[in-house]
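**Student:** need a structure here:
(one chain, ligands or ions: 1)
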Amino acid sequence: MRFLDEYRDADLALRYADAIRAATTKPWTIMEICGGQTHSIVRFGIDELLPSEIQLVHGPGCPVCVTPVRLIDQAIHIAKTPGCVLCSFGDMLRVPGSETDLLQAKAQGADVRSVYSPLDAVRIAEAEPDRTVVFFAVGFETTAPANGLAVKTAAAKGLENFSVLVAHVLVPPAMEAILGSPDNRVQGFLAAGHVCAVMGVREYEPLAAKYRVPIVISGFEPADLLQGVLMCVKQLEEGRFEVENPYSRMVQSDGNLAAKALIEEVFEVTDREWRGIGSIPASGLCLRESYRAYNASLLFDAPILANEKEQQCRAAQVLQGRLEPRDCPAFGVLCTPESPLGAPMVSSEGACAAYYRYRSLNAPRPHLPAPGGSASPLAGEGKPASADEPTPSKAVGI
Ligand code: SF4
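**Tutor:** Here you go, the predicted model:
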């Protein structure tokens, strides 16, 4: 399979579903790590193709969702500081801080700019030397190379009005925190393919061996996810606990060596607080001492504010696969994309946003049409999420 349509082929998806059904003799709980995978699973009804013994639970792989409120508040504080520009990816703008979010701060006059790349923020700093430009660097290992490159570029240009507020988190320590929890129920993982494209697969091998869990590197298309589930189920049924990489079209065992070298040069590992979950040892990145001048967290205060919304949000359970978003009492009632209580409802990778978009009571969701074009009874009554989004059959060629 080489092209996108092939990974969204309904015949192939149904064959994988049949193979999973044939391989399954016991109940198994499998967690997909990445929020992008969660959105594909919910959007395409992948979980509804599986036998009832297989439960997919959603993991903490939404970096926007796990960015602590304290850092959101600090970003808002920076944006409100006279002479400052706060640059961020658009996803962060609606994430609630203690009292407000970046979009509301912008509406109140703060200079908040949505950018597509950290290098855009460097260009703003270069073009506006009288402004202090801060880039809010949120993400997993996937975005760390680009953010590291922005810091290196600013240093090479001698820019003194550019810095980054780093909120990077790392996937393997989060998986270990889940596996080490006394009430863990995850028996196998679909690891995030894009993270592995950067970091490779070797750091998962000690985890698989220590906790006796299969870890299958997965992409984001329906066939990728179903293939990953099948390989995970086969390992579980056979009592194997290995790291397998069927996503070899993107992931090499050692990852991207140049990207890893860049991360190593600019960042170092640190303890990191995860929103709603708490501090996880060695689970984040911060700037090395040699790039201290670009560390916005040292240059600006971090206000401490009371946060009542945070107490109502059940994101911690959602992000650890312990609660399905629709089981949160606030889902769709007190918490909606227009009025979110937590980040998982507004992030494009948030599990609550996926369920709200594709599975809320009145919102129809997409489906995998059966071969020949008619709706597949396996996938339920799906429809596109919105009028401006292509239907899956148009979008994915199935
Ligand atoms: S539905 Fe809203 S309040 Fe509930 S867990 Fe999700 S983001 Fe938090």
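**Student:** mind listing the helices for the stretch 251-398 of the chain?
**Tutor:** For the stretch 251-398 of the chain, helices defined by DSSP state H, counting those that start in this stretch occupy the ranges 257-266, 296-299, 308-312, 315-319, 351-359, 392-396.
**Student:** what stretches of the chain score poorly on pLDDT?
**Tutor:** For the chain, the stretches with pLDDT under 70 are 1-4, 304-310, 360-398.
**Student:** can you list the residues of it near the ligand?
**Tutor:** 312-315, 318, 325, 328, 330-331, 335, 340-342, 344-345, 352 (Cβ under 6 Å from any ligand atom). From N, CA and C alone the C-beta is placed, and that goes for glycine too.
**Student:** re the thing from before, and the helices of the stretch 251-398 of the chain as JSON lines, adding distance to L190 and mean neighbour count?
**Tutor:** Output for the helices of the stretch 251-398 of the chain, formatted as JSON lines (distance: least, Cβ to Cβ, whole Å; neighbours: other Cβ atoms under 10 Å):
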{"stretch": "helix 257-266", "distance to L190": "22", "mean neighbour count": "16"}
{"stretch": "helix 296-299", "distance to L190": "33", "mean neighbour count": "17"}
{"stretch": "helix 308-312", "distance to L190": "29", "mean neighbour count": "13"}
{"stretch": "helix 315-319", "distance to L190": "16", "mean neighbour count": "24"}
{"stretch": "helix 351-359", "distance to L190": "14", "mean neighbour count": "25"}
{"stretch": "helix 392-396", "distance to L190": "20", "mean neighbour count": "17"}
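**Student:** Throw these into TSV and include distance to Q235, thanks.
**Tutor:** Conversion of the helices of the stretch 251-398 of the chain to TSV gives the following (distance: least, Cβ to Cβ, whole Å):
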stretch	distance to Q235
helix 257-266	27
helix 296-299	41
helix 308-312	38
helix 315-319	25
helix 351-359	25
helix 392-396	28
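**Student:** Spatially nearest residue to A19 (excluding sequence neighbours)?
**Tutor:** L230 (5.4 Å; Cβ to Cβ, 6 or more residues apart in numbering).
**Student:** ok, now which ones touch the one you found?
**Tutor:** Going by Cβ atoms under 8 Å, 6 or more residues apart in numbering, L230 touches Y16, A19, I20, A23.
**Student:** who are the neighbours in contact with whichever residue of the stretch 101-250 of the chain sits closest to the ligand?
**Tutor:** Nearest residue of the stretch 101-250 of the chain to the ligand: D101, at 13.2 Å (Cβ to the nearest ligand atom). Listed by Cβ under 8 Å, 6+ apart, the contact set of D101 reads I72, I76, L93, R94, V95.
**Student:** Show me where this structure has its strands.
**Tutor:** Ranges of strands in the chain, per DSSP state E, are 28-34, 54-61, 84-88, 112-114, 132-139, 162-169, 188-192, 215-218, 243-244, 267-274, 278-287.
**Student:** okay, the ones you listed in JSON lines with distance to V122 and mean neighbour count next?
**Tutor:** Listed next are those as JSON lines, based on distance: least, Cβ to Cβ, whole Å; neighbours: other Cβ under 10 Å:
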{"stretch": "strand 28-34", "distance to V122": "27", "mean neighbour count": "25"}
{"stretch": "strand 54-61", "distance to V122": "27", "mean neighbour count": "25"}
{"stretch": "strand 84-88", "distance to V122": "9", "mean neighbour count": "24"}
{"stretch": "strand 112-114", "distance to V122": "13", "mean neighbour count": "19"}
{"stretch": "strand 132-139", "distance to V122": "8", "mean neighbour count": "26"}
{"stretch": "strand 162-169", "distance to V122": "6", "mean neighbour count": "27"}
{"stretch": "strand 188-192", "distance to V122": "27", "mean neighbour count": "28"}
{"stretch": "strand 215-218", "distance to V122": "32", "mean neighbour count": "28"}
{"stretch": "strand 243-244", "distance to V122": "37", "mean neighbour count": "22"}
{"stretch": "strand 267-274", "distance to V122": "17", "mean neighbour count": "18"}
{"stretch": "strand 278-287", "distance to V122": "15", "mean neighbour count": "18"}
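**Student:** and those as JSON lines, adding distance to D120?
**Tutor:** Shown next, in JSON lines, are the strands of the chain (distance: least, Cβ to Cβ, whole Å):
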{"stretch": "strand 28-34", "distance to D120": "24"}
{"stretch": "strand 54-61", "distance to D120": "25"}
{"stretch": "strand 84-88", "distance to D120": "7"}
{"stretch": "strand 112-114", "distance to D120": "8"}
{"stretch": "strand 132-139", "distance to D120": "9"}
{"stretch": "strand 162-169", "distance to D120": "12"}
{"stretch": "strand 188-192", "distance to D120": "25"}
{"stretch": "strand 215-218", "distance to D120": "31"}
{"stretch": "strand 243-244", "distance to D120": "36"}
{"stretch": "strand 267-274", "distance to D120": "20"}
{"stretch": "strand 278-287", "distance to D120": "19"}
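**Student:** Can you tell me which of those is nearest to Y294?
**Tutor:** strand 162-169 (4.8 Å; Cβ to Cβ).
**Student:** quick check: angle from that closest one to strand 84-88?
**Tutor:** 40 degrees (axes from the mean of the first three to the mean of the last three Cα atoms, to 10 degrees).
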